[in-house]
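Trainee: Give me the fold of what follows.
(2 chains)
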Amino acid sequence: GDSVTQMEGPVTLSEEAFLTINCTYTATGYPSLFWYVQYPGEGLQLLLKATKADDKGSNKGFEATYRKETTSFHLEKGSVQVSDSAVYFCALSGGTNAGKSTFGDGTTLTVKP
Amino acid sequence: DVKVTQSSRYLVKRTGEKVFLECVQDMDHENMFWYRQDPGLGLRLIYFSYDVKMKEKGDIPEGYSVSREKKERFSLILESASTNQTSMYLCASSFHLGMNTGELFFGEGSRLTVL
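Mentor: Residues are numbered from 1 along each chain as shown, chains lettered A, B, ... in the order given. Below is the predicted model of the structure:
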């Protein structure tokens, strides 16, 4: 079946540091890939998405490129802020498990001033 | 603004009680999902539904049931709550795009404590 593997956390960075959170996936077919973010005490919300190979999703300074050859969708941001502290989930849909999304375990990011 | 609303943010129940968690979406989505979120275990799918009166088991359905009598409402039922069901419960919805569900819209979560 489908699976998503995220780099283990937690990740702690200083403000303005560069962020990378690695995500790789296993799926058949042509899944769509997503990054969701969960701020403290809230549900998940979509951060960005990509629906086909070589697409780049971007939002709020975050970017991720759908790399089919390496089955990866790494999340990057050039300069993090304290307000980016949250849990980040990589996910896919449209793979083997038709109609369901598959999530990674989440990576907790803490940004210190 | 699109919305998924969960009826209770925080609940405290006793072992053996019947618990209802309600979720309503206003986006006319076909798909609705219930997940539970536990530290170190990520999100685990309990049940989902593609249409009214339709339900499918997810990865951890034991101890749970669901009801979808109307398109906008999806209820999670714990027939006899147990302490190992203490968790954060997240409802989500999406359009049905064939194999690909597209983006999920989540509620704010219901934190259930079973004593």
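Trainee: Quick check: pLDDT value at the residue of chain A found nearest chain B.
Mentor: Of all residues in chain A, the one sitting closest to chain B is A:Gly94 (3.2 Å; CB to the nearest CB). (Glycine included, C-beta is placed from N, CA and C.) The predicted local distance difference test score for A:Gly94 is 77.
Trainee: thought it was touching A:Thr28?
Mentor: No: counting by CB atoms under 8 Å, A:Thr28 is not a contact partner of A:Gly94; they are 9.9 Å apart.
Trainee: Who has more neighbours out of the two?
Mentor: A:Gly94 (25 against 11; other CB atoms under 10 Å in any protein chain shown).
Trainee: Determine the number of other residues adjacent to A:Tyr39.
Mentor: For A:Tyr39, which is what you asked about, the neighbour count (other CB under 10 Å) is 13.
Trainee: can you give me phi and psi for it?
Mentor: phi -80, psi 160 (degrees, to the nearest 10).
Trainee: just A:Asp84 next, same as before
Mentor: Listed backbone geometry of A:Asp84 is phi -80, psi -10, with angles given as degrees, to the nearest 10.
Trainee: Report the contact partners of the closest residue to it other than its chain neighbours.
Mentor: Closest residue to A:Asp84 apart from its sequence neighbours, by CB to CB, 6 or more residues apart in numbering or on different chains: A:Val111 at 5.4 Å. In this structure, A:Val111 makes contact with A:Thr12, A:Leu13, A:Ser14, A:Glu15, A:Ala17, A:Val80, A:Gln81, A:Val82, A:Ser83, A:Asp84, A:Ser85, judged by CB atoms under 8 Å, 6 or more residues apart in numbering or on different chains.
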